[in-house]
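J.: my questions are about this predicted structure, shown below with the sequence.
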Amino acid sequence: MKSPVIAPCLGVPDTQAACDYYEKLGFTALPGTDDSDDDLRVLLFDGEFAFMVYRDQHLRGWLPVLKDTPVGAFGMFYLSVEDFEGYVERIRPLVSVTKDVLTHHGQKLFYFTDLNGYVVGVTQRQSW
């Protein structure tokens, strides 16, 4: 697996709770390092890198410029899936729906907010 061009790392209050949440949504959580004191986790989707989660206190210590940034800060992320309809149907009861399915510029979109306030938009995977 190649590392992505940009690798999001989300600060979360409870790394295990975030991993448990995303595993219910079809992600796989892996340790980010070999250091047992480091709670960085890598999340995969369909076997590919998606993003990382890191305890907010550790992230603020690593990058002090983030010390006052709230968890779930402004912005959103997109998750591209092979079977849009099937995936949305499966996760709908597990998530807090932010914006239900809509079509924008010919693309179906579905938005949910995760347990830490991050907004994730689900889209159909496409080739560029």
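T.: That came through, no problem.

J.: burial check on residue 103, number of neighbours?
T.: For residue 103, the tally of surrounding residues (other C-beta atoms under 10 Å) stands at 8. In this view, the C-beta of every residue, glycine as well, is placed from N, C-alpha and C.

J.: residue 25 against residue 92, yeah?
T.: No: if you go by C-beta atoms under 8 Å, residue 25 and residue 92 don't touch, sitting 10.6 Å apart.

J.: the two: who's more crowded?
T.: The neighbour count for residue 25 versus residue 92, taken as other C-beta under 10 Å, is higher for residue 25 (18 against 13).

J.: got a list of what the nearest residue to the more buried one once chain neighbours are set aside touches?
T.: Spatially, and ignoring its direct neighbours in sequence, residue 25 is nearest to residue 91 (5.1 Å; C-beta to C-beta, 6 or more residues apart in numbering). By C-beta atoms under 8 Å, 6 or more residues apart in numbering, residue 91 lies in contact with 24-26, 112, 122.

J.: just the buried ones from these?
T.: The neighbour count (16 or more other C-beta atoms under 10 Å) marks 25, 112, 122 as buried among these.

J.: now do the residue nearest to residue 25 against residue 21, distance only.
T.: In this view, residue 91 and residue 21 are 11 Å apart by C-beta to C-beta, to the nearest Å.

J.: and the next element down the chain from the helix or strand containing residue 111?
T.: Here residue 111, judged by DSSP states H and E, is contained in strand 107-113. Next helix or strand after strand 107-113 toward the C-terminus (DSSP H and E): strand 119-124.

J.: look up phi and psi at the residue nearest to the spatial centre of the chain.
T.: Centroid-nearest residue in the chain, with C-alpha atoms, centre = their mean: residue 51, separated by 6.0 Å. Per-residue torsions, residue 51: phi -170, psi 180 (degrees, to the nearest 10).

J.: could you check the pLDDT of it?
T.: With respect to pLDDT, residue 51 scores 92.

J.: isn't it up against residue 43?
T.: Yes: using C-beta under 8 Å, residue 51 is in contact with residue 43, at 5.6 Å.
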